[in-house]
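> Okay, here's the prediction I keep looking at, along with the sequence it came from:
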Amino acid sequence: MCMTNESSSQADKTSNAQRGRGRGFEADSQSQAKPQSRRARVFSPEAVDGIEETPETITAGERLPHVSEYSSIKLETLPVKGVKSLAVTVAILFVVLVGWDFLNTYRSLVEVHAVAGVAFLVLIALAAGSGVRLWWRFRHDKDSWRGLEGIRQLASRLRGLNDKGNAKELLDRIKLYNRDKPQALYLKTCLDQLPDYSNDREVVEHLDRGFLQPLDNEALSRVSKYSLQTGLAVAASPWASLDMALSLWRNLKLIDDVAQVYGVRPSLVNRLKLIKRVLHHLAFVGTTEIVIDQMSELGMISAGGMASARAAQGIGASIYTARIGLAAMNASRPFEFLDDQRPKTKALLLPIVRQLASLNAQNNKTE
């Protein structure tokens, strides 16, 4: 029994000793991969002019190369004081001088006869009334133009929307704009045919197609009529001053007639732009007339050639008039033209050129 206990205790000591030392493992031999050989490469830059030169140094006070030394020169704008006070003072002085002059004139006329003084006062009253009327019309036209600009901006925004409900504001504005105008009847007829399910974009397209396109046709008809009349008058007239007077009168009348089609009078800014084109037209008519006269006096062209030259002058005047008319349409139309809707000068002038050419042929046969 003692032997058994001693052997078991010795076995326990041996196992404890082995646990204390731990268990040894032998690592498996693994084959190590050989490193791949890499070839060395030499970087060689592309051939650029000046690459071998030493770059320019930048120090304090110097600028980058190829930059102007004077590019940063800029002076601050000084506020101009006293301009408003000066303008008010000059205006008051002008009114006082004019009033004093009128008073002296009235006293002088009264000394001559009382009727002369009364007539002078009547003339002053008429002039003042005309000035007030002109100011009132200008202010009314300015408000009307603001309404037109608002309609244009809103229509341009709604063209790209497929929502519903936003077009009500456009309809209210265009109704107010055409109120008490002949266009109101055509607008009502167009709106009666508007489907209830139309979205914003479809409302704009319906107004453009049913209300504005008939007005476009009427405006183009007037432009064609004025262009033909101007071309015939310029081709038939032998005097430069008469040509310029006729062109000025017909072009100004054309601008007003086209504006009346759309129910608007162009603003002062757009009138000035159109008047600039009218002045170019007058310069063209006057210059070509002088050239034709000089060539006729020098014997450079015959009678038939002069008739052809005048016909060409009439065609040129018609082209200028047509362009002025199309510009008036662009300035007066409530909705802006789309690219595929914009009237073409070539299609408008083709019948005019044919009529002027046939007239020139008849004149040549008569001669």
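Okay, I see it. Everything numeric in this text was worked out from a predicted model, so none of it was measured.

> number of nearby residues for the closest residue to Ala155 other than its chain neighbours?
Leaving aside its sequence neighbours, Ala155 sits nearest to Phe335 (CB to CB, 6 or more residues apart in numbering; 4.8 Å). Any C-beta I mention is one placed from the backbone N, CA and C, and that applies to glycine too. Using other CB atoms under 10 Å, Phe335 has 21 other residues around it.

> Please verify my assumption that Phe335 contacts Gln153.
No. Phe335 is beyond contact range of Gln153, at 10.6 Å (criterion: CB atoms under 8 Å).

> ok, back up a step: pLDDT score for the residue nearest to Ala155?
In this model, Phe335 is scored at 87, pLDDT.

> who touches it in this structure?
Counting by CB atoms under 8 Å, 6 or more residues apart in numbering, Phe335 makes contact with Ile151, Arg152, Ala155, Ser156, Val204, Leu207, Asp208, Leu212.

> what's the distance between it and Val203?
Shown here: Phe335 relative to Val203, a distance of 11 Å by CB to CB, to the nearest Å.

> Provide the secondary structure category for Asp340.
What DSSP: H, G, I helix; E, B strand; the rest coil gives for Asp340 is coil.

> per-residue pLDDT, Tyr186?
pLDDT at Tyr186 comes out at 90.

> before we move on, what about Leu207?
pLDDT for Leu207: 90.

> and it, what helix or strand is that in?
Using DSSP states H and E, Leu207 sits in helix 200-207.

> Name the next helix or strand downstream of that helix, please.
For helix 200-207, the following helix or strand on the C-terminal side (DSSP H and E) is helix 213-236.

> what angle sits between whatever helix or strand comes next after that following helix and helix 213-236?
Following helix 213-236 in sequence order, the next helix or strand is helix 240-261 (DSSP H and E). On the basis of axes from the mean of the first three to the mean of the last three CA atoms, to 10 degrees, helix 240-261 is oriented at 170 degrees to helix 213-236.

> Helix 240-261: which residues count as buried?
For helix 240-261, the buried set under the neighbour-count rule, 16 or more other CB atoms under 10 Å, comprises 240, 243-244, 246-248, 250-251, 254-255, 257-261.

> swap in stretch 115-129?
Neighbour-count burial for stretch 115-129 [16+ other CB under 10 Å]: Gly117, Phe120.

> So what touches it?
Phe102, Thr105, Tyr106, Leu109, Val110.

> could you give me the average pLDDT of it?
On average, stretch 115-129 scores 85.

> Could you report the distance from Tyr226 to Leu109?
46 Å.

> Which one's more surrounded, the two?
For Tyr226 and Leu109, the more surrounded residue by other CB under 10 Å is Tyr226, and the numbers stand at 22 against 17.
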